[in-house]
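Visitor: take this sequence and fold it.
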Amino acid sequence: MAMAPDYGAFVSKFVLEPPSPSPSLPLAGLTFAVKDIFDVEGHVTGFGNPDWARTHEPASSTAPAVLNVLKAGATCVGKTVLDEMAYSLFGENKHYGTPRNPCAPDRVPGGSSSGSAVAVGAKLVDFSLGSDTGGSVRAPASFCGILGFRPSHNAVSTVGVIPLAQSLDTVGWFAREPSILKQVGRVLLELPDADPKRPSQIIVPRDCFQLSNIPSERLTQALVRSVEKLFGGGIIKHTVLGDYVRDNVPALSSFLREINEDEVDIIPSLEALFSARQLLLRYEFKNNHEEWVSAVNPDLGPGISENVRDAIQTTEANVDVYWSVKKELHAALTSLLGDFGILAIPTVPGPPPKLQTDVSSLKVYGAKAFRLLSIASVSGFCQVSIPMGLHDNLPISISLLAKHGADGFLLDLVETLYESLQEQAEIAEKSV
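Guide: Have a look, this model is predicted:
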């Protein structure tokens, strides 16, 4: 089948120039695309579903995040495809088509920020904006072999962005180059100039890497060698994160009771964390969108319709406990990392699934992925997904997390580490 030259990434194309262009602006000369969840004045925000687009008026103003990158000199070239109602991790959309993964054409691009990731991966734009609630920037970045940044919760304005679950929603971004990732971050986060800080420790949790179907050495070896080269090996620490979370987040106990701890390939405390996050997401999605879903009865694709139905049927039970989980996890991980510590984990549990994989298999993959992705979602910490080359000809990645508010430190560190990481990943790739 012939593929459109834009890889199916765009739902609409238009050009928005910077209001006061100047070559001295930080993003001058760069192009970007925005996920069709952001308001752009005069355009309907489609939210991935034609019934939503049909029942909503054009936006009367533009989201501040979009305005900020325009004011910084970048040019917007259109809006990108997303999963319906931003409620999936895989990027398949039955209405607008599935954007083609430029790194692995027979695999899903990841979602829900599918088109934004593909536009960057296919070199159609220099960077793009997405949103990340449960993993919607981090997963597609991993699947498409590019950089993806989820900032600290509430660090970037979500005004003018259709909410999925406000307690988890963030505005994230994609880039191919760490320098552009950092420049966009400096604009969105309004960061002052500061000298890069040296990491105090890089924590590598053995149990988290065992959740991946990629050999752990393939991911950790490149990281360890890069850190040794740039900072010395003394800052690398190993731990078992599941035990630490279990011991320091007592509010998880009510969710742990529902977990079968004898099941293989799970970390009970991270499974409980995912359960808590899923409960809150469903509860807030219901509060945000139940009225529209009930009134319109939208045509939703497989997987999405089940997600929406489960959310609409959810109750308030245990929602109060979630706030304790969030507060305790935030405190526990802040204590573990300190001001300039890093937690390294796999972004997702393996390469992207094949296109048109059945819903039940995707659900299994998603559950594994959310055990890892929920760490940053619930704690509110910032996280970056970094491509680590190919394994069996499919893109793989590693993620680095830093404490809430340490976004600038994390962006600086990515820029410092990136070249060495790519070199070491290439060596590891050839040695497998």
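Visitor: what are the ranges of the helices in the stretch 101-250 of the chain?
Guide: 114-121, 138-144, 178-189, 206-210, 216-231, 241-248 (DSSP state H, counting those that start in this stretch).
Visitor: and the ones you listed: which comes nearest Val319?
Guide: Counting by Cβ to Cβ, Val319 lies closest to helix 241-248 out of the helices of the stretch 101-250 of the chain; the figure is 20.1 Å. Quick note: C-beta positions are derived from backbone N, CA and C, even for glycine.
Visitor: list the buried residues for the closest one?
Guide: By neighbour count on 16 or more other Cβ atoms under 10 Å, the buried set for helix 241-248 is 241-242, 244-246, 248.
Visitor: need the contact list for His95.
Guide: 48-50, 84, 299, 301 (Cβ atoms under 8 Å, 6 or more residues apart in numbering).
Visitor: next: Leu410.
Guide: So Leu410 contacts 149, 342, 382-384, 400-402 (Cβ under 8 Å, 6+ apart).
Visitor: same thing but at 7 Å, please
Guide: 382, 384, 400, 402 (Cβ atoms under 7 Å, 6 or more residues apart in numbering).
Visitor: cool, and Val249?
Guide: Contacts for Val249 (Cβ under 7 Å, 6+ apart) come out as 325, 328-329, 332.
Visitor: any chance of those residues in JSON lines, with secondary structure and pLDDT too?
Guide: Formatted as JSON lines, these follow (DSSP: H, G, I helix; E, B strand; the rest coil; pLDDT from 0 to 100):
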{"residue": "Val325", "secondary structure": "helix", "pLDDT": "97"}
{"residue": "Glu328", "secondary structure": "helix", "pLDDT": "98"}
{"residue": "Leu329", "secondary structure": "helix", "pLDDT": "98"}
{"residue": "Ala332", "secondary structure": "helix", "pLDDT": "98"}
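Visitor: tell me the most packed of those residues, by neighbour count.
Guide: Val325 (27 neighbours; other Cβ atoms under 10 Å).
Visitor: distance of that residue relative to Thr334?
Guide: Between Val325 and Thr334 the computed distance is 15 Å (Cβ to Cβ, to the nearest Å).
Visitor: go on, Asn49?
Guide: For Asn49 relative to Thr334 (Cβ to Cβ), the value is 38 Å.
Visitor: neighbour count winner among those two?
Guide: Asn49 (26 against 17).
Visitor: surely the more buried one touches Leu82?
Guide: No. Under the criterion of Cβ atoms under 7 Å, Asn49 is not in contact with Leu82, lying 9.4 Å apart.
Visitor: hmm, back to that, which of the contacts of Leu410 lies closest to Asn101?
Guide: Val384 (20.0 Å).
Visitor: mind checking the backbone torsions on the closest one?
Guide: phi -120, psi 140 (degrees, to the nearest 10).
Visitor: next up, the contacts around it.
Guide: 147, 149, 399-400, 410, 414.
Visitor: could you dump these to TSV with pLDDT?
Guide: As requested, the contacts of Val384 are exported to TSV (pLDDT from 0 to 100):
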residue	pLDDT
Leu147	99
Phe149	99
Ser399	98
Leu400	99
Leu410	98
Val414	98
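Visitor: neighbour-wise, which of these leads?
Guide: Phe149 leads the contacts of Val384 on contacts (other Cβ under 10 Å) with 31 neighbours.
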